[in-house]
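1. for reference, the sequence and a predicted model appear below.
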Amino acid sequence: MLLFYSDEKAIAAMSATERNRLIEAHVAYDHDFLRKRCTMLANRALQPSGTATTVGPRGVTPGPAVVTDPPLTGFYLIDCADQAEAIELAGGYPMPEGLGSIEVRAVIQEWDYAPSVQTTAAPDAVWHQYDDVASWPEWKHGIERVELDGPFAAGTTGRLVVTDRPAMPYRIVSADPGQGYVSETELGAGIRLRIEHVLAALPGGGTRITHRVNVPRAALDLFGHDFSPALNDGIRRTLHALTRRIESD
């Protein structure tokens, strides 16, 4: 993300000729420089900061959330190689001396979602369900079957089949009896969904079960923005189905 901070008063005081030159320089940067060097995902200029409205827990107030000098006036969202290239691309903008600056900030490429539940069952009882791979479709939401090319142990690979999708490469990264396991599913070329299944014994007995999923931003580009809420819902459903299954045995 390239965030543009510009002196709004200085821009407003420009003559028509000066403003035209600024617009021409901006258009040239956009079309003749930036778009030839990277992929443009979005760009917008913002209305003057005085028109902003801030919405917070205590209500609505006029003005920007944070008053900066100069204020935020626009942005570019680009896809480029790395931070160094983004800085180079920002440096190519023909910003007039004293008019403002550009903040370069990387967007988040992945995030963690880690819901948990508690069960009266011991960690070994939960582990038994993990180890019984054939039973996964009965409690893992959306799973039709799992095909492992070896034992349920670290390093074993196979295929995971979910509803309405072809089989995806699957790997057990680590497996510690009574403590949990880590798996990776290849959603697409170079896009891996990592899930940590963690078992923690509770002081008074029972187990806290946490399923921590690492969601790559690229998954949303591949499957659309419905992927994240569907995944979150599936993780929660899986946890509750797992505890019901264990406690009914």
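-> Arrived safely. Fair warning: this is a prediction, and the values are worked out from it, not measured in the lab. Numbers count the residues shown, from 1 in each chain.

2. in whatever helix or strand Ser228 lives in, what's buried?
-> Under the criterion of DSSP states H and E, Ser228 resides in helix 227-248. Of the residues in helix 227-248, 227-228, 231, 234-235, 238-239, 242-243, 245-246 count as buried by neighbour count, 16 or more other CB atoms under 10 Å. Any C-beta I mention is one placed from the backbone N, CA and C, and that applies to glycine too.

3. just the residues contacting it, thanks.
-> The contact list for helix 227-248, computed with CB atoms under 8 Å, 6 or more residues apart in numbering, reads 113, 115-121, 125-126, 129, 135, 138-142, 209, 211, 213, 215, 219-220.

4. got a list of what Cys80 touches?
-> 37-39, 86, 89.

5. pull the worst-scoring helix or strand of the chain on mean pLDDT out as CSV, backbone CA atoms only.
-> Least confident helix or strand, the chain: helix 217-223 with a mean of 89, by mean pLDDT, DSSP states H and E. Extracted in CSV, the C-alpha atoms of helix 217-223 (Å, rounded to 0.1, in the frame of the first residue of the first chain):
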residue,chain,number,x,y,z
ARG,A,217,-4.3,-14.1,1.9
ALA,A,218,-3.8,-15.8,-1.5
ALA,A,219,-6.6,-18.3,-0.6
LEU,A,220,-9.1,-15.4,-0.9
ASP,A,221,-7.7,-14.5,-4.3
LEU,A,222,-8.1,-18.2,-5.4
PHE,A,223,-11.5,-19.0,-3.9
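
6. run the chain-centre distance for that helix.
-> Mean-position distance between helix 217-223 and its chain equals 9 Å (CA atoms, centre = their mean, to the nearest Å).

7. can I see the domain layout of this protein?
-> 2-104, 110-248 (automatic domain parsing).

8. most packed of those domains?
-> Among those, domain 110-248 has the highest mean neighbour count (mean count of other CB atoms under 10 Å), at a mean of 15.

9. returning to that earlier point: which of the contacts of helix 227-248 fall in strands?
-> Members of the contacts of helix 227-248 lying in strands (criterion: DSSP state E): 113, 116-119, 209, 211, 213, 215.

10. among those, which has the minimum pLDDT value?
-> Ranked by pLDDT, those bottom out at Val215 (91).

11. name the nearest residue to it, ignoring sequence neighbours.
-> Distances taken as CB to CB, 6 or more residues apart in numbering place Trp111 nearest to Val215, at 5.6 Å, with adjacent residues excluded.
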